[in-house]
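>>> When you get a sec, could you give me coordinates for this:
(one chain, ligands or ions: 2)
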Amino acid sequence: MRAVEYLGPQQIELRRVPIPKPKAGELLVRVRSALTCGTDVKTYRRGHPKFPPPFVFGHEFGGDIVETGSDVEHFKAGMRVTANVFAECGECFFCRHGQGNLCEHLEYNFGAFAEYVIIPAPIVRVNTFEIPHHLSYAEAAVVEPLLTVVHGQRLLNIQPGESVAVIGAGGPISLMHIQMALLAGVSSIIAIGHSDLRLETARQLGAHHILNAHNIDTLAAIRELTEGRGADVVIECAGTKLAWETAVEVVRRGGRVEWFGGLPSGTKMELDATRLHYGAITLLNTHGGDAADARQAFQLLSDGRVNARALLSGELPLEQVETALKKMIAGEVIKMVINPDLH
Ligand SMILES: [Zn+2]
Ligand SMILES: [Zn+2]
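Ligands and ions are numbered 1, 2, ... in the order given. Okay, the predicted model is just below:
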């Protein structure tokens, strides 16, 4: 089969490799749609501390089961499925404390930018979903990034009538946060980003105020929109040091900041301790999610409360994964669908 291998920063290659065989508890899936993701972009640009090369790239996908390993229940050949990229063990210290996203034995699964992918047994058990007929393979594949947003939103516990500022708006994660905040009944969403093209999608999905940080003083604009106080909730989705610091500047006293976009390890921040302490500002950190978040995310996609189609900017063949990643980097697209049947 054809598979896109990740060989190191800025090195990916389409190769011919054997079609894998499913072992006990595993599924072999013919990939019909795979999605590019911010994590792929980060890994492509600078490598990933947790995932050394080489490996078959890509982790968000939808496809058809073609073969099941022994001891597989609930799934059979012919089913349309999607799966999360990881699963918690359910037994370690963190899992027993309801923090499955910090599991000591997280099982990961890469290999979606290929004609076939194996779903490992732990992920088959808790994080694989049959796709309902009304959802496309690509829409269903959004379950993985969405579950991390569901997890972050659970920590934020947004209340009806609150104001929310989203920094780094226009990227896929921010667009899902915007949709979830609207479901929570917020009174206003301020979307701050850099790409007019991507901010337009934020507006279409319901953001009330659009600020392009290139040509506006973000701090002043947010103060003006919130009677001088700052936003009740600030969600940082840009993954830059400046965005992390700005988030703390634009939240109101007594408000919550959630840092969502990870920074390179070793990054140090400059924060005003007085503002944090006497402003009683809550700082939340989140990444990943657990099986319960995945079930909730899949439900949100299935019943149409989260619009996944708005995040999908077009299709490209396996040969053009690198082009797709470069389009992501340039801010020209939100997510690209990689379709192995295209040539
Ligand atoms: Zn992803
Ligand atoms: Zn665990």
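>>> Count the residues that sit near the closest residue to V142 other than its chain neighbours.
Leaving out its chain neighbours, the residue that sits closest to V142 by C-beta to C-beta, 6 or more residues apart in numbering is A308, at 4.0 Å. (Glycine included, C-beta is placed from N, CA and C.) Using other C-beta atoms under 10 Å, A308 is surrounded by 25 other residues.
>>> thought A308 was touching L300?
No. Counting by C-beta atoms under 8 Å, L300 is not a contact partner of A308; they are 9.2 Å apart.
>>> Could you tell me which residues touch both of these two?
Jointly contacting A308 and L300 under the rule C-beta atoms under 8 Å, 6 or more residues apart in numbering are L146.
>>> ok, now which ones touch G100?
Taking C-beta under 8 Å, 6+ apart as the test, what G100 contacts is E88, G90, F94, G289, D290, A291, A292.
>>> Find the residue closest to the fifth one in space, skipping its chain neighbours.
Read that as D290. That would be G100: by C-beta to C-beta, 6+ apart, it lies 3.1 Å from D290.
>>> which bits of the chain sit near ligand 2?
Within the chain, the positions near ligand 2 by C-beta under 5 Å from the ion are E88, C89, C92, C95, C103.
>>> list the contacts for the first one?
Put plainly, it is E88. F94, C95, G100, N101, C103, H105, L106, V126, D290, A291.
>>> Just the pLDDT for it.
For E88, the model assigns a pLDDT of 96.
>>> And the residue of the stretch 1-150 of the chain found nearest ligand 1, its phi and psi?
Here the stretch 1-150 of the chain gets closest to ligand 1 at one residue, C37, 3.1 Å apart by C-beta to the ion. Main-chain torsions, C37, degrees, to the nearest 10: phi -140, psi 160.
>>> In the stretch 101-250 of the chain, where is pLDDT below threshold?
The stretch 101-250 of the chain contains no residues with pLDDT under 70.
>>> What residues does it have near ligand 1?
Near ligand 1, when you scan the stretch 101-250 of the chain using C-beta under 5 Å from the ion, you find E144, P145.
>>> again, 8 Å this time
Contact residues, the stretch 101-250 of the chain versus ligand 1 (C-beta under 8 Å from the ion): E144, P145, T148.
>>> By neighbour count, which of those wins?
P145 (26 neighbours).
>>> just the buried members of the contacts of G100?
Taking 16 or more other C-beta atoms under 10 Å as the criterion, what is buried in those is E88, F94, G289, D290, A291.
>>> Looking at the stretch 151-300 of the chain, which residue is nearest ligand 2?
For the stretch 151-300 of the chain, C-beta to the ion, closest residue to ligand 2: D290, 9.3 Å.
>>> Need phi/psi at that residue.
phi -130, psi -170.
>>> That one reaches T148, doesn't it?
No. Using C-beta under 8 Å, D290 is not in contact with T148; the gap is 10.3 Å.
>>> List the neighbours of stretch 62-76 that are in contact with it.
21-33, 77-82, 116-117, 121, 124, 128, 130-131, 136-141.
>>> Can I have the buried ones of the residues you listed as a PyMOL selection?
Buried subset of these, written as a PyMOL selection, criterion 16+ other C-beta under 10 Å:
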select buried, resi 22+25+26+27+28+29+30+31+32+33+79+80+81+82+116+117+121+124+128+131+136+137+138+139+140+141
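>>> Strands - which of the contacts of stretch 62-76 land there?
27-33, 80-82, 116-117, 128, 130 (DSSP state E).
>>> Just the closest of those residues to ligand 2, please.
Of those, the one sitting nearest to ligand 2 (C-beta to the ion) turns out to be T128, at 17.9 Å.
>>> Quick check: bridge partners of that closest one?
A83 (DSSP bridges).
>>> List the contacts of it.
So T128 contacts L27, F75, V81, T82, A83, N84, I119 (C-beta under 8 Å, 6+ apart).
>>> my guess is E322 meets E13, correct?
No. If you go by C-beta under 8 Å, E322 and E13 don't touch, sitting 9.2 Å apart.
>>> And the spatially most central residue of the chain, how close does it get to P49?
Closest to where the C-alpha atoms of the chain average out (C-alpha atoms, centre = their mean) is P145, at 2.6 Å. According to C-beta to C-beta, to the nearest Å, P145 and P49 sit 20 Å apart.
>>> now the strands for the stretch 201-343 of the chain?
Taking DSSP state E, counting those that start in this stretch as the test, the strands found in the stretch 201-343 of the chain are 209-212, 231-236, 251-259, 282-285, 312-316, 335-338.
>>> Within the sheet, what are the partner strands of the first one, with directions?
Read it as strand 209-212. Here, using DSSP bridges, strand 209-212 pairs with strand 188-193 (parallel).
>>> Could you check the angle the partner strand makes with strand 231-236?
Orientation note: strand 188-193 sits at an angle of 30 degrees relative to strand 231-236 (axes from the mean of the first three to the mean of the last three C-alpha atoms, to 10 degrees).
>>> So what touches strand 188-193?
163-171, 174, 178, 181-182, 199, 202-203, 206-213, 218, 221-222, 225, 231.
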